[in-house]
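**Q** need a structure here:
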Amino acid sequence: TSLQVKDFNGEWINVPPVENTLVFAVGLTLEFITQGVCVSTVHRVLTPTPGEGDRLSISFFQTINIESKKTSIEVDQKAKDLVKLRDAKRTKNKIGFQFQVDETRPVGYSVFLNRVKSHPKVGERHYPKVLKYIQEEVAKASDI
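**A** Presented below is the predicted three-dimensional model:
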């Protein structure tokens, strides 16, 4: 298994390939729009173990403009209560540092920061000042 996701306790869980299936990973934009009903998937992809066989993985990222100012959908109070119960079980500090939506900036900015954080080589080449800021913020969060 080469795809793994983090559960609410910060443990990596294998996502075994299932024939004729398509896997979707929810991103920060959908988490924001749904007011946390959908949770951004913290995931990683590992190189398959020799002899394990091939795994076809085609990444397709649908993102939003960095200036996008999306608004949330209306969420029923019962759903909000269920989200609170679910999130009370979540160990956020073990899940990994993610930039959250900052009310002072467009939601697209947080998505952009997380994308650069996940792909530091791209940040080094195209956004060195942004990458430096990201690394400083991650270091501050790890000190907590």
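**Q** Check which helix or strand the residue nearest to residue 64 when sequence neighbours are not counted maps to.
**A** The spatially closest residue to residue 64, leaving aside those adjacent along the chain, is residue 108, at 4.8 Å (CB to CB, 6 or more residues apart in numbering). In this view, the C-beta of every residue, glycine as well, is placed from N, C-alpha and C. Secondary structure from DSSP states H and E places residue 108 in helix 107-118.
**Q** Which elements pack onto that helix?
**A** Counting contacts by 3 or more CB pairs under 8 Å, 6 or more residues apart in numbering; DSSP states H and E, helix 107-118 packs against helix 28-33, helix 120-126, helix 128-143.
**Q** Check residue 37 and give its pLDDT.
**A** Note on residue 37: pLDDT of 90.
**Q** Need the three-state assignment for it.
**A** Following DSSP: H, G, I helix; E, B strand; the rest coil, the label given to residue 37 is coil.
**Q** I figured it hits residue 83, correct?
**A** Yes. Contact criterion CB atoms under 8 Å: residue 37 and residue 83 qualify, at 5.8 Å.
**Q** just to revisit the earlier point, the residue nearest to residue 64 touches residue 101, doesn't it?
**A** No. Residue 108 lies out of contact with residue 101 (CB under 8 Å); the separation is 9.6 Å.
**Q** re earlier: now, of the helices and strands packed on helix 107-118, which is deepest in the fold?
**A** Highest mean neighbour count among the helices and strands packed on helix 107-118 (mean count of other CB atoms under 10 Å): helix 28-33, with a mean of 20.
**Q** Show me what the next helix or strand after it pairs with in its sheet, parallel or antiparallel.
**A** Once the chain leaves helix 28-33, the next helix or strand it forms, by DSSP H and E, is strand 43-45. The pairing partners recorded for strand 43-45 under DSSP bridges are strand 3-6 (antiparallel).
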